[in-house]
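*Asks:* next comes the sequence, and after it the predicted model I'd like to discuss.
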Amino acid sequence: MVAGVAPAAPEDGLPPSIKSIVLLAPDEPRFWPMFTETAEYNDGAPDALDRWSRKAIGGIACELDTKAYFPFGGPPYRPFLTWALRSGRCWSSPVGLLVHDVAGLFISFRGAIGIAETHASIEAKAPCETCMERPCTTACPVDALTPDGYDVPACKRWLTTSAGAVCHGGGCLVRRACPVGAGRRGAAQSSFHMKAFHPV
């Protein structure tokens, strides 16, 4: 799905012909059943999702006679977080993760394409502004995600425990706590991502 369109800026280091960046994300929950049918998912080789993303998004870019960009494969890395914030459809959440107007804390970008058309950022309202309970701030059992940063070692230690199976097998409790995008991502897809993040 088109998860946002960011106006290009000189600091992006893109060709002058690129005026906007179209951010592409999985259209969940429809995405996962389709991806598990692909050759990349089923061939047993590493980085299945990245390889499929290159093929699928690269194919779109070729059809449009433009360039595809990806958040992996660096360094150097493309500024996807900056693009997301610039699109007007993503914001920094109370736990520091990006939150999207539709996907919530489950937002993930598989790639982007540059286009020659100029698009202004939209002026959407951050969902966290009207979220009174802020369940994301209390969902992590080890307080690994806070406004001060992400304690990756604490998160990974938790995932190796028997109690941590709730996250490793079903996805991050913080992401799942967000009411925006709730129910978009199933346990199998979340488990796939968690195993890539920290095999146990």
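*Replies:* Everything's here; your move. Numbering: from 1, shown residues only.
*Asks:* hey, which helix or strand in the chain has the poorest pLDDT?
*Replies:* Ranked by mean pLDDT, DSSP states H and E, the weakest helix or strand in the chain is strand 145-146, scoring a mean of 89.
*Asks:* off-centre distance for it?
*Replies:* Put simply, strand 145-146 sits 17 Å off its chain's centre (C-alpha atoms, centre = their mean, to the nearest Å).
*Asks:* go on, stretch 44-60?
*Replies:* Relative to the chain's own centre, stretch 44-60 is displaced by 15 Å; criterion: C-alpha atoms, centre = their mean.
*Asks:* isn't F70 up against R78?
*Replies:* Yes. F70 lies in contact with R78 (C-beta atoms under 8 Å); the separation is 7.0 Å. Every C-beta, even on glycine, is put in place using the N, C-alpha and C of the backbone.
*Asks:* mind checking the end-to-end distance for stretch 155-165?
*Replies:* End-to-end distance for stretch 155-165, by C-alpha to C-alpha, to the nearest Å: 12 Å.
*Asks:* flag every buried residue along that stretch.
*Replies:* Across stretch 155-165, burial judged by 16 or more other C-beta atoms under 10 Å covers C155, W158, L159, G164.
*Asks:* redo the residues you listed as TSV? Include secondary structure and distance to E133.
*Replies:* Formatted as TSV, the buried residues of stretch 155-165 follow (DSSP: H, G, I helix; E, B strand; the rest coil; distance: C-beta to C-beta, whole Å):
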residue	secondary structure	distance to E133
C155	helix	23
W158	helix	23
L159	helix	26
G164	coil	24
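*Asks:* so what's the residue count around L23?
*Replies:* The local packing of L23 (other C-beta atoms under 10 Å) involves 27 other residues.
*Asks:* quick one: it is in a strand?
*Replies:* Yes. According to DSSP: H, G, I helix; E, B strand; the rest coil, L23 belongs to a strand.
*Asks:* want to throw the buried residues of stretch 155-165 into a markdown table with pLDDT and distance to D148?
*Replies:* Shown next, in a markdown table, are the buried residues of stretch 155-165 (pLDDT from 0 to 100; distance: C-beta to C-beta, whole Å):
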| residue | pLDDT | distance to D148 |
| --- | --- | --- |
| C155 | 96 | 14 |
| W158 | 95 | 18 |
| L159 | 94 | 21 |
| G164 | 94 | 22 |
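*Asks:* how about CSV for those, with distance to A196 added?
*Replies:* Shown next, in CSV, are the buried residues of stretch 155-165 (distance: C-beta to C-beta, whole Å):
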residue, distance to A196
C155, 14
W158, 17
L159, 12
G164, 16
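*Asks:* out of those residues, who's nearest L24?
*Replies:* The shortest approach to L24 among those belongs to C155, at 26.9 Å (C-beta to C-beta).
*Asks:* once you drop chain neighbours, what's closest to that closest one?
*Replies:* Spatial nearest neighbour of C155, chain neighbours left out: A144 (4.0 Å); criterion: C-beta to C-beta, 6 or more residues apart in numbering.
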